[in-house]
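[1] My questions concern the predicted model and sequence given below.
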Amino acid sequence: MEVFLIKTLQFLMAISLLVLLHELGHFTFAKLFKVRVSRFYLFFNPKFHILSTYDTWVRRLFKMKPEVVPTKKDEDGNESKEYVGTEYGLGWLPLGGYCAIDGMIDETNQKLSKEAHPWEFRTKPTWQRLLIMIGGVLVNFLLALFIYSMVLFTWGETYIPLQSMKQGMEFNEQAKAIGFQDGDILMSTDQKEFKNVGADMYRMICNAKQVNVLRNGKPVTINIPQEEKSFLFFTYEASTLSLIDMAQNVPIFVRPMVPAEIDSVIPGTPAEAIGLQKGDKILAANNKQVNSFYGFTDELSRINDVLASAKTETDSLNALSISLVYQRGEVIDTVNTTLTKDLKLGFQPVQIYEPITLEYGFLESFPAGIKYGWNTLCSYINDMKYLFSSDGVKQMGGFGAIGSLFPSAWDWHQFWLMTAFLSIILAFMNILPIPALDGGHVLFLLYEMITRRKPSENFMIRAEYVGFGILILLMVVANLNDILRWLHVM
């Protein structure tokens with residue numbers, strides 16, 4: 001329960017900050033161009049107002065005069081004017097937020113008056129409306145770059161270079177069929193050098209035509225199988241490897257070769273109960289030979305499938321029971337024990353590779369952070385192609401999947417990295433040309449700039465409904481996937 005609360009709190013903090021600043025991007029440009037924002041809300045379906053006073057601080061910031069709006073006429077026909085400002089609110093449904101910009105067709109479903117007023121969005125020049133619409137995306141993207149820069153300045157960048165992993169990597173059967181061998185040290189592809197273990201390593205292999213490795217001290221080139229693919233009227237050659245398949249397979253396509261040797265035993269765990277010690281080597285688990293630490297964890301993960309089908313407490317205990325063969329010095333022994341409910345034996349493997357840390361000065365951190373953020377965005381865009389496959393749809397995740405990405409213990413380093421990544425996602429998803437998203441509005445504005453014609457109000461309303469329907473469908477699919485994974489159906 002504690003882990004769930006920590007993850008949930010981190011998720012809510014991150015998403016609230018990002019949505020608030022995203023909407024503030026729209027809000028700032030709207031106020032800059034003297035467009036009235038009637039409501040500024042964090043979350044949907046308002047329950048109570050935090051503040052409903054005039055936004056004096058924004059007016060002072062941009063040195064604007066107080067906004068007055070004609071509201072009615074007196075008996076002599078003279079217009080009386082009312083002091084009107086922005087209503088700030090907090091909704092009870094944490095699914096985003098919005099600022100209601102007067103004279104704009106959006107998800108707030110506001111009705112436009114027959115008479116267009118000078119303070120409305122629709123009366124402003126196209127270039128001003130375009131800046132108002134991209135304001136949120138711009139803020140999210142710049143925020144991500146700033147966070148990455150500050151993370152590098154504060155904590156630096158720590159990683160283990162692939163080339164320093166002298167014991168090499170271990171590969172699954174799919175990789176071995178292509179030509180890889182256990183012990184190969186990944187050096188580079190036909191495009192660039194490998195840096196460290198992570199998503200980029202798998203992505204580089206997946207997009208490569210050739211991978212260069214060091215095998216027994218000698219360079220070897222491995223050709224990655226290619227196939228012809230088509231998109232619209234274009235035909236091109238691409239790798240037969242799929243990033244989703246590479247990540248889903250058990251064992252995974254490639255991973256570091258880490259010995260199944262104990263470095264330390266965690267107190268109060270099954271490992272301590274059966275007397276395992278530093279230096280012991282795991283040789284087998286449940287009569288399956290173990291050649292590495294990850295090979296051992298693979299055997300434990302298979303227990304999870306048995307545990308999922310357990311109907312009674314006795315079945316669960318039987319599933320968690322495990323037989324181990326380990327070596328201490330020249331002595332080989334066999335013991336039986338019961339794993340914890342989260343499938344842990346309770347030891348840390350030896351760390352045979354020393355990580356390096358690159359430190360950045362304050363000014364150095366900005367170009368490094370920009371590069372880091374840009375690479376993250378490019379990688380995310382590259383992975384979007386899998387969304388259009390059946391496996392890609394199954395990999396979609398909702399709020400549960402996003403929340404699970406946060407660490408189970410509070411860690412500011414990981415929190416800010418995850419927040420920056422979510423900011424990148426929020427910026428990219430919002431700029432997609434789907435009605436009801438910022439990108440949909442930008443698409444219509446570009447059409448207007450090119451053709452000098454405005455789409456009709458009825459068309460905009462219908463497009464908004466279609467776009468909102470698409471978003472609801474995607475949200476339902478993503479969160480349904482979370483539920484099915486939680487029920488072990490997927």
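    On my side now, so go ahead. Numbering: from 1, shown residues only.
[2] Test my guess that Lys341 contacts Leu320.
    Yes: counting by Cβ atoms under 8 Å, Lys341 does reach Leu320; the two are 7.4 Å apart. All C-beta atoms are positioned from the backbone trio N, CA, C, and that covers glycine.
[3] Pick out whichever of those two has more residues nearby.
    Leu320 (19 against 9; other Cβ atoms under 10 Å).
[4] Pull the contacting residues for Thr154.
    Contact analysis of Thr154 by Cβ atoms under 8 Å, 6 or more residues apart in numbering lists His413.
[5] mind checking which helix or strand Val3 is in?
    helix 2-32 (DSSP states H and E).
[6] same thing with Glu227?
    Here Glu227 is assigned to strand 226-231, by DSSP H and E.
[7] Same check on Tyr372?
    helix 362-383.
[8] elements contacting that helix?
    Where contact means 3 or more Cβ pairs under 8 Å, 6 or more residues apart in numbering; DSSP states H and E, helix 362-383 is packed against helix 126-155, helix 199-207, helix 412-431.
[9] Need the CA coordinates for the shortest one. PDB is fine.
    Spelled out, that is helix 199-207. Provided in PDB are the C-alpha atoms of helix 199-207 (Å, rounded to 0.1, in the frame of the first residue of the first chain):
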ATOM      1  CA  ALA A 199      16.200   1.500 -24.600                       C
ATOM      2  CA  ASP A 200      18.500   3.300 -27.000                       C
ATOM      3  CA  MET A 201      20.700   0.200 -27.300                       C
ATOM      4  CA  TYR A 202      17.700  -1.900 -28.400                       C
ATOM      5  CA  ARG A 203      16.500   0.800 -30.700                       C
ATOM      6  CA  MET A 204      19.900   1.100 -32.400                       C
ATOM      7  CA  ILE A 205      20.000  -2.600 -33.000                       C
ATOM      8  CA  CYS A 206      16.500  -2.600 -34.400                       C
ATOM      9  CA  ASN A 207      17.200   0.200 -36.800                       C
END
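[10] Wasn't Leu283 part of a strand?
    Yes: judged by DSSP: H, G, I helix; E, B strand; the rest coil, Leu283 forms part of a strand.
[11] okay but it is in contact with Val331, surely?
    No: with contact defined as Cβ under 8 Å, Leu283 and Val331 do not form a contacting pair (11.6 Å).
[12] Can you pull out the low-pLDDT segments for the stretch 201-350 of the chain?
    By pLDDT under 70, the low-scoring segments of the stretch 201-350 of the chain are 230-234, 236.
[13] Could I get the full set of strands for it?
    210-215, 218-223, 226-231, 234-239, 254-256, 262-265, 281-285, 288-289, 321-328, 331-338, 347-349 (DSSP state E, counting those that start in this stretch).
[14] got it, and the stretch 51-200 of the chain?
    Going by DSSP E, counting those that start in this stretch, the stretch 51-200 of the chain shows strands at 68-73, 79-83, 87-101, 157-159, 169-171, 185-189.
[15] before we move on, back to that, how much does the helix holding Val3 deviate in direction from strand 87-101?
    Here the directions of helix 2-32 and strand 87-101 differ by 60 degrees (axes from the mean of the first three to the mean of the last three Cα atoms, to 10 degrees).
[16] Which one, of the helices and strands packed on helix 362-383, ends up nearest to Asp263?
    helix 412-431 (22.6 Å; Cβ to Cβ).
[17] Tell me the helix or strand right after that closest one.
    With elements assigned by DSSP H and E, the helix or strand that comes after helix 412-431 is helix 438-451.
[18] Run the chain-centre distance for the following helix or strand past that next one.
    The helix or strand immediately downstream of helix 438-451 is helix 457-486, counting by DSSP H and E. Computed by Cα atoms, centre = their mean, to the nearest Å, the chain-centroid distance of helix 457-486 equals 19 Å.
[19] Show me what helix 457-486 packs onto, helices and strands only.
    helix 390-395, helix 399-404, helix 438-451.
[20] and that helix, average pLDDT?
    For helix 457-486, mean pLDDT rounds to 78.
[21] How about the contacts made by Gly329?
    Gly279.
[22] What's the separation between it and Asn291?
    The gap separating Gly329 from Asn291 is 20 Å, by Cβ to Cβ, to the nearest Å.
[23] so how many other residues sit close to Asn430?
    If we define neighbours as other Cβ under 10 Å, then Asn430 has 20 of them.
[24] what's the pLDDT at it?
    Predicted confidence (pLDDT) for Asn430: 90.
[25] Would you mind measuring from the closest residue to it other than its chain neighbours to Tyr380?
    Distance criterion Cβ to Cβ, 6 or more residues apart in numbering; nearest residue to Asn430, sequence neighbours excluded, is Asp438 at 4.5 Å. Per Cβ to Cβ, Asp438 is found 17 Å from Tyr380.
[26] Neighbour count for the two, which is higher?
    Asp438 (25 against 16).
[27] Please name the residues that touch the more buried one.
    By Cβ under 8 Å, 6+ apart, the contact set of Asp438 is 133-134, 136-137, 430-431.
[28] Highest neighbour count among these?
    Counting neighbours by other Cβ under 10 Å, Met133 leads those with 29 neighbours.
[29] gap between the nearest residue to that residue once chain neighbours are set aside and Phe40?
    Distances taken as Cβ to Cβ, 6+ apart place His441 nearest to Met133, at 4.6 Å, with adjacent residues excluded. Using Cβ to Cβ, His441 is found at 18 Å from Phe40.
[30] cool, and Thr123?
    21 Å.
[31] the more surrounded of those two?
    Phe40 (24 against 14).
[32] The nearest residue to that one once chain neighbours are set aside: neighbour count?
    Nearest residue to Phe40, sequence neighbours excluded (Cβ to Cβ, 6+ apart): Cys99, at 4.5 Å. Per other Cβ under 10 Å, the neighbour tally for Cys99 reads 27.
[33] list the contacts for Cys99?
    By Cβ under 8 Å, 6+ apart, Cys99 lies in contact with 23, 26-27, 30, 37, 39-41, 86.
[34] Take those residues and write them to JSON lines, including pLDDT and distance to Asn172.
    Shown next, in JSON lines, are the contacts of Cys99 (pLDDT from 0 to 100; distance: Cβ to Cβ, whole Å):
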{"residue": "Glu23", "pLDDT": "89", "distance to Asn172": "45"}
{"residue": "His26", "pLDDT": "92", "distance to Asn172": "47"}
{"residue": "Phe27", "pLDDT": "91", "distance to Asn172": "50"}
{"residue": "Ala30", "pLDDT": "91", "distance to Asn172": "53"}
{"residue": "Val37", "pLDDT": "87", "distance to Asn172": "55"}
{"residue": "Arg39", "pLDDT": "81", "distance to Asn172": "54"}
{"residue": "Phe40", "pLDDT": "83", "distance to Asn172": "52"}
{"residue": "Tyr41", "pLDDT": "79", "distance to Asn172": "49"}
{"residue": "Thr86", "pLDDT": "79", "distance to Asn172": "57"}
